[in-house]
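Colleague: structural data only, the sequence is not supplied:
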Ligand SMILES: Nc1ncnc2c1ncn2[C@@H]1O[C@H](COP(=O)(O)OP(=O)(O)OP(=O)(O)O)[C@@H](O)[C@H]1O
């Protein structure tokens with residue numbers, strides 16, 4: 001399977017929500033889609049999930065536009081925090097029903113997960129707690145085994161042990177049945193270890209798309225004297241800087257190789273790699289956050 005976005009734009013009425021988005025996801029990997037509130041994550045995922053159409057440009061799945069495309073829709077599961085208040089069916093009835101239109105759905109596996117997440121099969125979905133309804137979405141996404149599975153912040157209602165269970169199941173599933181999994185989140189520090197690749201949206205634009213390992217090696221924090229820091233941040237992208245008394249600290253984004261690290265240490269600088277969460281915060285900072 002592959003997902004390709006080319007010069008994709010999307011607006012709600014007159015409001016531009018996504019601008020000039022270009023990327024290709026073509027391997028069965030776990031992709032983390034990060035962005036601050038309102039960055040456009042749900043809008044982008046709903047286009048992949050056949051819920052919406054781009055205003056211009058293209059979103060193609062295996063070369064075809066997903067919108068109202070029945071064949072493609074069977075290959076994609078888009079899970080989000082749905083309002084289930086009108087739902088009158090039990091968990092069991094709903095899971096059984098999914099077998100009809102989800103060709104890869106594994107009912108036995110769904111039952112296994114129901115036990116693990118401690119859901120009551122006979123209970124109406126609408127009567128479950130918020131966290132258990134989120135767990136239901138997680139179960140549907142995992143057991144659907146669709147070649148493209150999208151979780152749009154479904155785990156937000158779940159408590160920490162339940163989220164942990166989800167992450168573990170996700171990794172096991174990915175090993176057994178590799179697929180394109182896209183997870184949107186702002187729980188970056190909790191989920192970063194899951195990601196093979198990371199996409200960051202900022203104000204409707206794709207800021208970056210990189211392998212997680214590469215991304216981590218690009219974020220470096222230097223602490224020390226102004227002179228030494230200035231020398232080492234020349235020609236680098238400075239994403240954050242601050243002064244604490246006589247000590248300066250900068251966060252750089254870009255190649256910072258072993259030799260440069262060694263030289264920086266020799267000049268008395270502390271050199272630290274930064275976490276994806278820190279990098280995310282620095283890269284998606286708005287101008288007013290710096291004031
Ligand atoms: N149904 C809608 N009608 C009009 N504007 C909308 C609608 N849904 C979203 N938007 C706007 O689109 C922009 C992007 O929203 P979107 O939900 O895609 O962002 P997000 O990154 O998923 O945010 P969050 O992390 O808060 O869920 C926002 O400015 C939002 O106000």
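Modeller: Good, I have the coordinates. The structure displayed is predicted, hence computed values, not measured ones.

Colleague: where does the chain dip in pLDDT?
Modeller: For the chain, the stretches with pLDDT under 70 are 287-291.

Colleague: next structured bit after the longest helix along it?
Modeller: In the chain, with assignment by DSSP state H, the single longest helix is helix 160-176. Sequence-wise, the next helix or strand downstream of helix 160-176 (DSSP states H and E) is strand 180-185.

Colleague: coming back round to it: just the buried positions in the longest helix of the chain, please.
Modeller: By neighbour count with 16 or more other CB atoms under 10 Å, helix 160-176 contains the buried residues 162, 163, 165, 166, 169, 170, 173, 174. Yep, even glycine has a C-beta here, placed from its N, CA and C like the rest.

Colleague: for it, packing partners?
Modeller: helix 107-116, helix 130-144 (3 or more CB pairs under 8 Å, 6 or more residues apart in numbering; DSSP states H and E).

Colleague: return the distance of it from the chain's centre.
Modeller: Centre-to-centre, helix 160-176 and its host chain are 15 Å apart (CA atoms, centre = their mean, to the nearest Å).

Colleague: quick revisit: which one of the buried residues of helix 160-176 is nearest to the ligand?
Modeller: Nearest to the ligand, judged by CB to the nearest ligand atom, of those is residue 163 at 16.8 Å.

Colleague: quick one: residues contacting residue 192.
Modeller: For residue 192, the contact set (CB atoms under 8 Å, 6 or more residues apart in numbering) comprises 32, 212, 275, 276, 277.

Colleague: between the residues you listed, which is closest to residue 48?
Modeller: Checking the contacts of residue 192 against residue 48 by CB to CB gives residue 32 as the nearest, at 14.6 Å.

Colleague: OK, contacts around that closest one?
Modeller: The contact partners of residue 32, by CB under 8 Å, 6+ apart, come to 183, 184, 185, 188, 191, 192, 194, 195, 197, 198, 199, 212.

Colleague: now do the SS call for residue 11.
Modeller: Here residue 11 is strand, with the state taken from DSSP: H, G, I helix; E, B strand; the rest coil.

Colleague: excluding its backbone neighbours, what's nearest it?
Modeller: Take residue 11 and drop its neighbours on the chain: the residue closest to it by CB to CB, 6 or more residues apart in numbering is residue 55, 4.8 Å away.

Colleague: and for residue 250?
Modeller: With CB to CB, 6+ apart as the criterion, residue 250 has its nearest non-adjacent residue at 4.4 Å, and that residue is residue 241.

Colleague: check residue 203 too.
Modeller: Nearest residue to residue 203 in three dimensions, chain neighbours excluded: residue 39, at 6.4 Å (CB to CB, 6+ apart).

Colleague: residues near that neighbour, how many?
Modeller: Residue 39 has 23 neighbouring residues, counting by other CB atoms under 10 Å.

Colleague: I figured residue 140 hits residue 99, correct?
Modeller: No. Contact criterion CB atoms under 8 Å: residue 140 and residue 99 do not qualify, at 11.4 Å.

Colleague: and those two? Which one has more around it.
Modeller: Remark: of residue 140 and residue 99, residue 140 carries more neighbours, 20 against 15, as counted by other CB under 10 Å.

Colleague: got the contact list for the more buried one?
Modeller: Per CB under 8 Å, 6+ apart, neighbours of residue 140: 77, 79, 95, 98, 110.

Colleague: which of those residues fall in strands?
Modeller: 77, 79 (DSSP state E).

Colleague: which stretches of the stretch 1-150 of the chain form helices?
Modeller: Under the criterion DSSP state H, counting those that start in this stretch, the stretch 1-150 of the chain carries helices at the ranges 41-48, 70-73, 91-101, 107-116, 130-144.
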